[in-house]
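Enquirer: here's my sequence, what's the structure:
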Amino acid sequence: MNLELTFLGTGTSVGVPMIGCDCETCRSTDPRDKRLRSSIHVSTPECAFVVDAGPDFRSQCLRENIRTLDAVLFTHPHMDHVTGFDDVRRFTILEEAVMPVYGLPETLEALQRIYYFSFNTVNRWRGYLKADPKVINGLFRLGETEITPLPVKHAKVNTTGFLFSRGGKKLCAYFSDMKEPMPDTVEQLRGVDTLIVDGLRLTPHPTHMNFPEALAFAAEVRPRQTWLTHIACEILHAREEQKLPIGVNIAYDGLKLQW
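Expert: As a prediction, this is how the structure comes out:
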């Protein structure tokens with residue numbers, strides 16, 4: 001195993017079940033219909049990192065028994081992707097330990113505003129969250145994993161998808177919040193093994209891909225396997241997955257992929 005990816009959460013911003021909703025999915029007993037806010041954990045022989053840390057981050061780490069973390073990558077500064085960041089402090093226990101935090105300039109600016117105490121140089125005590133901001137401005141590496149940031153359209157918010165490659169092989173691409181790819185995104189993804197893409201619901205949405213849009217994007221990229229994520233309660237897993245084309249599935253919390 002060179003890279004293992006775990007879906008910490010596959011839900012939309014309000015999670016599933018949704019507060020005050022009595023729909024079929026929110027009442028479902030199928031564990032695949034229980035969706036925490038979207039995030040992934042990536043583990044390689046050299047290091048481990050997460051993409052986004054939303055409000056469910058603590059419970060996700062406990063569920064998956066995550067004990068080490070070497071970096072945090074952020075797609076964008078919406079609250080369902082950043083409000084669990086303070087729980088990262090459990091991975092900077094030592095007084096001298098810092099956590100590399102990767103994001104676009106506007107994402108890091110938002111994090112520094114909300115979590116000012118972790119970015120200043122004053123609070124460097126044992127057990128405190130000590131962030132080391134890293135501006136995403138091009139390809140970077142974590143261990144032997146090459147990470148290509150891919151900008152996407154998500155309403156008026158600049159959002160980043162990530163392509164993970166090792167040894168020259170494009171293993172996986174992750175797009176949690178996307179309405180449209182940028183013009184050259186498809187070409188950059190040619191040859192990728194696995195595509196993980198925003199598939200919010202069946203009906204149209206102004207800032208997220210719905211299932212038909214996600215399927216059209218996957219048909220352009222032509223990966224071996226596609227997984228849909230960031231899913232709302234309009235989607236009942238057992239009913240909708242059987243309607244999908246071969247090679248396309250609905251992701252669920254706790255699912256692990258390996259390369």
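Enquirer: who's the most centrally placed residue in the chain bridged to?
Expert: Closest residue to the average C-alpha location of the chain: Ser39 at 3.7 Å, with CA atoms, centre = their mean. Taking DSSP bridges as the rule, Ser39 bridges to Gly9.
Enquirer: in contact with Phe217, which residues?
Expert: Contacts here follow CB atoms under 8 Å, 6 or more residues apart in numbering; on that basis Phe217 touches 181, 186, 195, 197, 209. All C-beta spots, glycine's among them, are computed from the backbone N, C-alpha and C.
Enquirer: go again using 7 Å as the cut-off
Expert: 181, 197, 209 (CB atoms under 7 Å, 6 or more residues apart in numbering).
Enquirer: returning to that earlier point: wait, doesn't the residue nearest to the centre of the chain sit right on Gly11?
Expert: No. Taking contacts as CB atoms under 7 Å, Ser39 lies outside contact range of Gly11: 9.8 Å.
Enquirer: can you pull the contacts of Val192?
Expert: With contact taken as CB under 7 Å, 6+ apart, Val192 is in contact with 163, 170, 172-173, 221, 223.
Enquirer: so which of these are in strands?
Expert: If you go by DSSP state E, the contacts of Val192 have 163, 170, 172-173 in strands.
Enquirer: which of those residues lies at the shortest distance from Ala238?
Expert: Using CB to CB, Cys172 is the member of the ones in strands among the contacts of Val192 that lies nearest Ala238, at 25.2 Å.
Enquirer: relative to Val152, how far out is that closest one?
Expert: Using CB to CB, to the nearest Å, we find Cys172 at a distance of 16 Å from Val152.
Enquirer: what's the answer for Glu64, then?
Expert: Glu64 is 26 Å from Val152, by CB to CB.
Enquirer: for Leu69, same thing?
Expert: Distance, Leu69 to Val152, using CB to CB: 25 Å.
Enquirer: check Thr229 too.
Expert: Separation of Thr229 from Val152 (CB to CB): 14 Å.
Enquirer: ok, Ser165 - contacts?
Expert: 146, 148, 171.
Enquirer: at 8 Å what do you get?
Expert: 145-148, 171 are the contacts of Ser165 under CB under 8 Å, 6+ apart.
Enquirer: ok so, going back, can you add pLDDT, neighbour count and distance to Val135 and give the ones in strands among the contacts of Val192 back as a markdown table?
Expert: What follows is the ones in strands among the contacts of Val192, written out as a markdown table (pLDDT from 0 to 100; neighbours: other CB atoms under 10 Å; distance: CB to CB, whole Å):
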| residue | pLDDT | neighbour count | distance to Val135 |
| --- | --- | --- | --- |
| Leu163 | 98 | 21 | 18 |
| Lys170 | 98 | 19 | 24 |
| Cys172 | 98 | 23 | 23 |
| Ala173 | 98 | 24 | 21 |
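Enquirer: and the helices in the protein?
Expert: Ranges of helices in the chain, per DSSP state H, are 57-64, 79-82, 105-114, 116-119, 185-189, 211-221, 237-241.
Enquirer: deepest of those helices, which one?
Expert: Mean neighbour count (mean count of other CB atoms under 10 Å) peaks for helix 79-82 among these, with a mean of 21.
Enquirer: which residues does that helix contact?
Expert: By CB under 8 Å, 6+ apart, the list of residues contacting helix 79-82 reads 12-14, 37-39, 52-55, 74-75, 107, 110-111, 114, 176-177.
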